[in-house]
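Chemist: sequence isn't available, so here's the structure alone:
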């Protein structure tokens, strides 16, 4: 065989071998199925099968804030901190019931690992076919260990980088708290093709997060979500005009979430009868605006900042009015029933027993007379009915067209409640009339009246331009006369 032919064959062989060898260990970003085929069917994490390729992954996920849910936080997190919406008392009702009620949105692991609900890799990484209904049924029945197996029964492993639908499997519940609708119709970033992980940068299975009022879990990770002013996004001066001057006191969401969709977010949750009654905002509504600096007034979600707080900015919120019964034994709660401390909530099951006359309404007298243990003495003799505005941060539903403009705020009929935002009478009057610039009546104005009216688009687009033009015109006249004199 000619030497040249040997060289050609040898060359092709080397190239082919290189291609085969280089394919070993390559990730498959779309699914990852190739590497997991021998592990089918999937029955949850298995140390023998999984640890060979992922030796540190289980511990990494197990300690991530999505799994721990703030159990290690001093004041509690989503797992062991009381919240007025579900009104669940962990120390009374127990871990198992918590999983049955709340575990459907839990990745497993963390504190519930000890109850047999291990980390479920598929809940985030299975690209298609994950059976949420089967998983939820297993959890509801108390079969925590087999929940992930049931969710993947008859489904081929198709693992890959998490996609939005997997995030929404749990975070769709944010619709009730924040009116969040993550689709192209309601959010400009979704319409542009961005995914959850484009902004929620993830490292070591800790998913990038912001700094919201209603969760103080993993605060060391606050701000790890990609911000609007990131150089790869909009930068520090996204408008390149007067709007950028507002960014020291107003976050982007305040103007770019002008409204929230109706029939999505909760308006009230009422536990006064022992069973929850929920109402939603029936129509499109505007978020409530408040100052926030990363700190709450108490354990319940409520920003503590004021206009005088260093670093505070105006943020948008959905406020849910929560109602529940409290034992009334905490002096701070008795003095301020609508304050931000959780106090001592009464078990809803006990409240249901308080309806002595069967009219479906639990009065203070009935609740205070309740003798659950039958010892002849009332169990809650100082009970009070509490109401509290729970602040839920809003950060999605971003729009470009329809965002707030100058006239939406700087007008007597504008949307800002300057009194609640503590601007004071004088400053309020100044801010509401800043687009109407009084000038000397002897000077012709754009509308010939001596004031710049709102329908003068030129003056609205460039507030303060008229006085500047007057000064420049006067200087031009002086310079011209000076030159003639010379």
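Modeler: Alright, I've got the coordinates. Worth saying up front: this structure is predicted, and the values here are computed from it rather than measured.

Chemist: over to residue 103. Which of the three states is it?
Modeler: helix (DSSP: H, G, I helix; E, B strand; the rest coil).

Chemist: that one and residue 120 touch, don't they?
Modeler: No: here residue 103 does not reach residue 120: they are 10.5 Å apart, not a contact under CB atoms under 8 Å. No exception for glycine: its C-beta is placed from N, CA and C like everyone else's.

Chemist: name the residues contacting each of these two.
Modeler: Each of residue 147 lies in contact with both residue 103 and residue 120 under the rule CB atoms under 8 Å, 6 or more residues apart in numbering.

Chemist: how about residue 392, nearest residue that isn't a chain neighbour?
Modeler: residue 177 (4.4 Å; CB to CB, 6 or more residues apart in numbering).

Chemist: any weak-confidence spans in the chain?
Modeler: The chain contains residues with pLDDT under 70 at 1-35, 37-40, 70-77, 437-486.

Chemist: what's the residue nearest to residue 392 in contact with, if anything?
Modeler: 85, 214, 265, 266, 318, 320, 392.

Chemist: so which of the residues you listed wins on neighbours?
Modeler: Of all the contacts of residue 177, the highest neighbour tally under other CB atoms under 10 Å goes to residue 320, namely 26 neighbours.

Chemist: that residue in helix, strand or coil?
Modeler: strand.

Chemist: which strand residues bridge it?
Modeler: Per DSSP bridges, the residues bridged to residue 320 are residue 390.

Chemist: wait, it sits on residue 267?
Modeler: Yes: between residue 320 and residue 267 there is a contact at 6.7 Å, judged by CB under 8 Å.

Chemist: before we move on, the earlier item: separation between the residue nearest to residue 392 and residue 102?
Modeler: According to CB to CB, to the nearest Å, residue 177 stands 14 Å off from residue 102.

Chemist: give the buried residues for the helix or strand where residue 269 lies.
Modeler: Assigning secondary structure by DSSP states H and E places residue 269 in strand 266-270. Across strand 266-270, burial judged by 16 or more other CB atoms under 10 Å covers 266, 268, 269, 270.

Chemist: ok, now stretch 151-167?
Modeler: 151-152, 155, 157-164, 166-167.

Chemist: same thing with stretch 380-391?
Modeler: Residues 380, 383, 384, 385, 386, 388, 389, 390, 391 are the ones in stretch 380-391 that count as buried (16+ other CB under 10 Å).

Chemist: what are the pairing partners of the strand holding residue 269, and which direction each?
Modeler: For strand 266-270, pairing defined by DSSP bridges yields strand 277-280 (antiparallel), strand 313-326 (parallel).

Chemist: dump those into JSON lines; add distance to residue 91 as well.
Modeler: What follows is these, written out as JSON lines (distance: least, CB to CB, whole Å):
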{"stretch": "strand 277-280", "distance to residue 91": "25"}
{"stretch": "strand 313-326", "distance to residue 91": "16"}
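
Chemist: mean neighbour count, these: which tops it?
Modeler: strand 313-326 (a mean of 22; mean count of other CB atoms under 10 Å).

Chemist: packing partners of the next helix or strand after that strand?
Modeler: Later in the chain than strand 313-326, the nearest helix or strand by DSSP H and E is helix 331-335. Helix 331-335 is packed against strand 384-393, with contacts defined by 3 or more CB pairs under 8 Å, 6 or more residues apart in numbering; DSSP states H and E.

Chemist: and the strands in the stretch 101-250 of the chain, which stretches?
Modeler: 202-203, 206-207 (DSSP state E, counting those that start in this stretch).

Chemist: other residues contacting the last one?
Modeler: Among residues not part of strand 206-207, those counted as contacts by CB under 8 Å, 6+ apart are 64, 65, 66, 197, 200, 218, 221, 224.

Chemist: could you redo the last one with a cut-off of 7 Å?
Modeler: Strand 206-207 is contacted from outside by 64, 65, 66, 200, 218, 221, using CB atoms under 7 Å, 6 or more residues apart in numbering.
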